[in-house]
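Chemist: what would the 3D arrangement of this be:
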Amino acid sequence: MEKLRVMELFGGIGSATQAFKKTKIPFEIVDYIEIDEFAVRSYNAMNNTNFEPQDITKWNKDIEVDFIMHGSPLSRF
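Modeler: A predicted model of the protein is given here:
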């Protein structure tokens, strides 16, 4: 079975990724979008990845994904 290519938006520390791991479905995170640098550091530590903080309003990549998952961003106002 091929790995499902997943993109995680507003990823935070990766709770959606952790939940997805429990499905036992083979997958890879092809991109992770999160602007908070501390959340990105935590995500990378927990998932042995090396993603950089990314602003969704500036995101413009040509990638193929099979599945998009996201966390709801918090309002700071």
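Chemist: point out where this protein drops to low pLDDT.
Modeler: 1, 73-77 (pLDDT under 70).
Chemist: let's see it at 90
Modeler: 1, 15, 20, 71-77 (pLDDT under 90).
Chemist: where do the helices sit along it?
Modeler: 15-21, 37-47 (DSSP state H).
Chemist: any chance of those in a markdown table, with mean neighbour count and distance to Glu28 too?
Modeler: Every residue, glycine included, has its C-beta placed from N, CA and C. Putting those into a markdown table (neighbours: other C-beta atoms under 10 Å; distance: least, C-beta to C-beta, whole Å) gives the following:
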| stretch | mean neighbour count | distance to Glu28 |
| --- | --- | --- |
| helix 15-21 | 15 | 11 |
| helix 37-47 | 15 | 11 |
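Chemist: tell me which of these lies nearest to Ile56.
Modeler: Closest to Ile56 of the helices of the chain is helix 37-47 (C-beta to C-beta; 13.1 Å).
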